[in-house]
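Chemist: structure of the sequence below:
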Amino acid sequence: MSETQVTLAASRKRLRSGLRAKRRAVTPKDRKLFAEQLTHNVDCWLHLRPSWRIALYAALPEELDTTPLIELARQRGCRIYLPRIDRHSLGRKMQFVEMSTRQRSNRLGIFEPEGGRIIGARWLDVVFLPLVGFDSRGVRLGTGGGFYDRAFAFRHWRAVWHTPRLIGLAYSFQQVEHITSAAHDVLMDAVVTEKGVIRCATG
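Modeler: Below you'll find the model as predicted:
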């Protein structure tokens, strides 16, 4: 690893630690309220359509709750997919599996669907991504595993992709002025918070 890469990694680690501490400080009451406000913002902006293939995720306790948004997608007749780490693949790739009633907790404590139909990442219509931090250009600071960046690396191959739209979900305080991007980073098209929609430079 080069000196530049080491410096970037250390900088991201510090930023990630500070933002995660802020997330953990959100009260259960505010977490519930902000999740409902975010879901309202998504509904007003995107107008989810029946048969849309939507990727969501089961939120960790410190993350903004996705339960109201999952329920909205169900009500709109969307086909919902959740990420699942393929433990048998080289490099531990992430798959998107149609949501089912049978779920299991992975080693990170994240609930994943068991069984279910797998869809290729490029055939999704909208992907809602978890994140730790973001900036207005759409640079996303994740937990450091790189699963989403690998899953959507194909967006680097062409200047324009009509689908899927990559939309981050976050508290408004997770926006920072600037995140230095790495070569492997896949930019988001927008981020939705409890305060509204931030359209990123790529979107």
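
Chemist: which regions of this structure lie under the pLDDT threshold?
Modeler: 1, 3, 5, 87-91, 101-115, 158-162, 202-203 (pLDDT under 70).

Chemist: recalculate using a threshold of 80.
Modeler: 1-9, 86-92, 100-116, 157-163, 201-203 (pLDDT under 80).

Chemist: and the helices in it?
Modeler: 3-24, 28-46, 67-75, 147-151 (DSSP state H).

Chemist: what strands line up against the longest strand along the chain, and which way round?
Modeler: For the chain, the longest strand by residue count, based on DSSP state E, is strand 79-85. Strand 79-85 pairs in its sheet with strand 53-55 (parallel), strand 94-98 (antiparallel), by DSSP bridges.

Chemist: tilt between that strand and helix 67-75?
Modeler: 130 degrees (axes from the mean of the first three to the mean of the last three Cα atoms, to 10 degrees).

Chemist: now do the contacts for the residue nearest the centre of the chain.
Modeler: By Cα atoms, centre = their mean, the chain has its centre lying nearest to residue 129, at 1.0 Å. Neighbouring residues of residue 129 by Cβ atoms under 8 Å, 6 or more residues apart in numbering: 57, 140, 142, 148, 166-169, 188. For every residue, glycine as well, the C-beta is placed using N, CA and C.

Chemist: and the residues you listed as a markdown table, adding neighbour count?
Modeler: Converted to a markdown table, those look like this (neighbours: other Cβ atoms under 10 Å):
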| residue | neighbour count |
| --- | --- |
| 57 | 22 |
| 140 | 25 |
| 142 | 19 |
| 148 | 25 |
| 166 | 26 |
| 167 | 23 |
| 168 | 26 |
| 169 | 25 |
| 188 | 27 |
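
Chemist: closest one to residue 18 out of those, please.
Modeler: residue 142 (15.0 Å; Cβ to Cβ).
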